[in-house]
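# here is a sequence together with a model predicted from it:
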Amino acid sequence: MQVTQTHPSFTIGEIPVYGDLILAPMDGFSDQPFRSLCRELGSAVSYSEFINALDVLHGHPRLEEKLAFQSEERPLIYQIYDSEPARLVEAALKLRRRGPDAIDLNLGCSDRSVAGRGAGAGMLRDPQRAALAIGMLRRALDIPVTAKMRLGWDDQERNYLTVAQLLEQNGASLIAVHGRTKAQGYSGAADWDAIARIKQAVSVPVIANGDVRSAADIERVLAHTGCDGVMIGRAAIGNPWIFSRLDRDQVSKEQVREVMLRHLERNQAFYGETRGLVLFRKYASRYLSPLRLSVELRKQLLTAETSPDFLEILDRIPA
Ligand SMILES: Cc1cc2nc3c(=O)[nH]c(=O)nc-3n(C[C@H](O)[C@H](O)[C@H](O)COP(=O)(O)O)c2cc1C
C-alpha cells in the first residue's frame, strides 16, 4: 500500500518527501529488497545501510550490494561514516556518481570498532569535527547532506543541542535523532524529551527515532516531539506494515504470507537463490514470531534449503 499524498510532509533541501515514516538504516537488514518492500508499504525515504568511507575508497566485497537501489526508492540516501572529514568527502564524491539524492553522516553507530576510532557516535565527542565534516561535505557536494545522531557519548556528555545546532549551521538539511547516548547502546528508554528539545532548537526537519513499536507510538512520538517524521528500525523487522500505520495483529495471515513471498522472491532475485533464502531466514523468523508455530514446524521453516520446500512448509501453517 503506497501512501499517496499531494503535499510533502517535509523537504530534504529542495527534495519533497511524501510521508512521515521512514525505515531506519540497519546494517544487515535495510538492504535493497527489504527497503523496497517497506517503501511499498509506506516508508517515505530509503537510507542505505551504513557505508565505511574506507570501503568506498579501497573496495569491499559487500560494497556493491550496499550501494544498489531502485529508482522507485527515491529519495535514496547513502549513509557514510569515518573519523576523517577529508576521507568522508573523498568517499562522498565517489558515491555521488551513483546518483543518490543525499548523503547522510552517521553520528550514531555505537559499535566499538566504529565509535572507538572517532567515527559514528565517536564523532559526538568532538562536535567541531562533526561540524567540519558536514560543512566540507556540504561544500563539496551538489546534493543535500543530512546527519543521524545520538544524544551524546554518555550521561556526562549529552551535548545534543550543541551538536544539532552546529550541524544545522554547517549545512545539514535534515537531522535524524536516535534518543539514546552511545553508552546506552540499545538499553533503557529512548529520551523523546531530548528529541523535542532538538526540534525546538533547529529549523531544519528533525526525524524522531527510538522505541517506536506500534501505530500508537507513531502518533505519540509525533505529538511529544513535534518532529517532522518518525524513523522506525527494529519494529519494522517482522512488521513492515507499521509503515501503513498497522500493528502486526491487524495484518491477516494471508497478507503476511503474501508479503513474505514477495520479500523472499526479491531476496532471491537480488542475492541469488540459495543466498537469498539463507538471508531471508532472519526476517522469516520475525515475520512468524507472533504465530504460535510448533517448534518442529518453525525449525523446518527456518532450515528449508530451497524455496519450494520453504513454501510447502509455509502452507502447512494452520489458518
Ligand atoms: C541490527 C541493527 C543495525 C543498525 N545499523 C545502523 C546503521 O547502519 N546506521 C545507523 O545510523 N543506525 C543503525 N542502527 C540504529 C537504527 O537505525 C536505530 O537508530 C535504532 O535501532 C533505534 O531505533 P528503533 O528503536 O526503531 O530500532 C542499527 C540498529 C540495528 C538494530
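That came through fine. Numbering: from 1, shown residues only.

# how near is whichever residue of the stretch 101-250 of the chain sits closest to the ligand to residue 11?
Residue nearest to the ligand within the stretch 101-250 of the chain: residue 233 (2.9 Å; CB to the nearest ligand atom). The way it works is simple: take the backbone N, C-alpha and C, and place the C-beta from them, glycine included. To residue 11, residue 233 is 23 Å away according to CB to CB, to the nearest Å.

# and the residue nearest to the residue of the stretch 101-250 of the chain closest to the ligand when sequence neighbours are not counted, what does it touch?
In this structure, residue 233 finds its nearest non-sequential neighbour in residue 24, 3.4 Å apart by CB to CB, 6 or more residues apart in numbering. Residue 24 makes contact with 30, 47, 209, 231-233, 236, according to CB atoms under 8 Å, 6 or more residues apart in numbering.

# cool, residue 7 as well?
residue 18.

# tell me which other helices or strands whichever helix in the chain runs longest touches.
Counting residues, the longest helix found in the chain (DSSP state H) is helix 253-271. Where contact means 3 or more CB pairs under 8 Å, 6 or more residues apart in numbering; DSSP states H and E, helix 253-271 is packed against helix 32-41, helix 273-288, helix 307-315.

# so residue 233 and residue 11 - more neighbours on which side?
residue 233 (19 against 16; other CB atoms under 10 Å).

# the more buried one contacts residue 28, correct?
No - here residue 233 does not reach residue 28: they are 11.6 Å apart, not a contact under CB atoms under 8 Å.

# all strands of the stretch 151-300 of the chain, in order?
Along the stretch 151-300 of the chain, the stretches classed as strands by DSSP state E, counting those that start in this stretch are 172-178, 206-209, 229-232.

# now stretch 161-171: mean pLDDT?
For stretch 161-171, mean pLDDT is 98.

# would you reformat the helices and strands packed on helix 253-271 as TSV and include mean neighbour count and distance to the ligand?
Conversion of the helices and strands packed on helix 253-271 to TSV gives the following (neighbours: other CB atoms under 10 Å; distance: least, CB to the nearest ligand atom, whole Å):
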stretch	mean neighbour count	distance to the ligand
helix 32-41	23	12
helix 273-288	17	10
helix 307-315	15	23
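
# can I get those helices in TSV including mean pLDDT and distance to residue 143?
Output for these, formatted as TSV (pLDDT from 0 to 100; distance: least, CB to CB, whole Å):
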stretch	mean pLDDT	distance to residue 143
helix 32-41	98	19
helix 273-288	95	30
helix 307-315	87	38
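
# need those in JSON lines with distance to residue 109, can you?
What follows is the helices and strands packed on helix 253-271, written out as JSON lines (distance: least, CB to CB, whole Å):
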{"stretch": "helix 32-41", "distance to residue 109": "19"}
{"stretch": "helix 273-288", "distance to residue 109": "20"}
{"stretch": "helix 307-315", "distance to residue 109": "33"}
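
# tell me which of those sits nearest to residue 227.
helix 32-41 (19.1 Å; CB to CB).

# what packs against that closest one?
strand 21-23, strand 46-52, helix 253-271.

# and the stretch 51-200 of the chain, which residues reach the ligand?
79, 106, 108-109, 148, 178 (CB under 6 Å from any ligand atom).

# hang on, the earlier thing: export the strands of the stretch 151-300 of the chain as a markdown table, with columns for mean neighbour count.
As requested, these are arranged in a markdown table below (neighbours: other CB atoms under 10 Å):
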| stretch | mean neighbour count |
| --- | --- |
| strand 172-178 | 27 |
| strand 206-209 | 27 |
| strand 229-232 | 24 |
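
# great, nothing more from me.
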